[in-house]
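A.B. asks: Here is the input, now give the coordinates:
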Amino acid sequence: MSDGVEVRVDCHVKVLNDAVVERAKRVGLDAIVYAPHFTRLPEIRERAAAYSSDELLIIPAREVFTGSWRDRKHVLAIGLEDPVPDFIPIEVAMAEFDRQGAAVLAPHPEFATVSLTESDLRTYAKTIDAVEIFNPKHFPSHNQRARELAEMLSYPPFTSSYAHLPSSVGVAYTAFETPIESEDDLVDAFEERVARRVVHNNGARRLRTSAGELAHLCYENTWKKADRLFLSGIEPTHPSHIAYNGRFDDVAVY
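C.D. replies: Residues are numbered from 1 along each chain as shown. This is a model prediction of the structure:
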């Protein structure tokens, strides 16, 4: 781990295996936030603990898909104690995050049709702790708009690799000026608006990363999405799943 002067955190990674850990260490990361799609919190926590070490802290998190498939908005929550499902109204998800005292982040704002809008960022200003101002999947105009939103609405920034591929890990990270040795430390860093800098690569490697990640995004939103919708049955993070004990049955959007 870092000596506390600067701690490098890739704040949003979708994949976790030996290759991810090896790459994270090689590029000098101190921690990564692991938040895979459609995976329940206990499973995320178990996998994060299995790969975490003194050299690399793995922090479990959930990117919750609020709303329906046609109007879903992604929100990243760190520090949850109780599981929160996907496919619930955004106001219900935000209330749950508040209740649990989680750090709430806005990944890839206004990107495609899966992100928080300017109106959402204004509405939930008391809940959201940071806005992502650089994402490798973005085109330059998207990153510029994200920076404008963060500055206009006085949100602290963050960035991440948003890695769905091991080779993308660390292409962008947030460097915090405080020790981060646990999940709670990162939650505190976001909620207390600790000083930080956003670091990313804009060269040829970044372009290769963007191309690879965008190709993966196309796959996720075509064949893989069709499989989830029509072939695989109920998602583990669907609000009516038995794991949620009926708590969210009345607010499920489908």
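A.B. asks: Surely residue 127 and residue 97 touch.
C.D. replies: Yes - using CB atoms under 8 Å, residue 127 is in contact with residue 97, at 6.2 Å. Placement of C-beta: from N, CA and C, glycine included.
A.B. asks: So if I had to pick from those two, which one is more boxed in?
C.D. replies: Neighbour comparison, residue 127 and residue 97: the larger count goes to residue 97, with 25 against 15 (by other CB atoms under 10 Å).
A.B. asks: how close does that one sit to residue 81?
C.D. replies: Separation of residue 97 from residue 81 (CB to CB, to the nearest Å): 11 Å.
A.B. asks: Check which helices and strands the longest strand along the chain is in contact with.
C.D. replies: Ordering each strand of the chain by length in residues (DSSP state E) puts strand 57-66 first. Secondary-structure packing of strand 57-66 (3 or more CB pairs under 8 Å, 6 or more residues apart in numbering; DSSP states H and E): strand 7-13, strand 31-34, helix 41-51, strand 73-78, helix 90-100, helix 183-191.
A.B. asks: Next, format the ones you listed as CSV and append distance to residue 160 and mean pLDDT.
C.D. replies: Formatted as CSV, the helices and strands packed on strand 57-66 follow (distance: least, CB to CB, whole Å; pLDDT from 0 to 100):
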stretch, distance to residue 160, mean pLDDT
strand 7-13, 4, 98
strand 31-34, 7, 98
helix 41-51, 16, 98
strand 73-78, 9, 98
helix 90-100, 18, 98
helix 183-191, 12, 98
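A.B. asks: which one of these lies closest to residue 247?
C.D. replies: helix 90-100 (9.6 Å; CB to CB).
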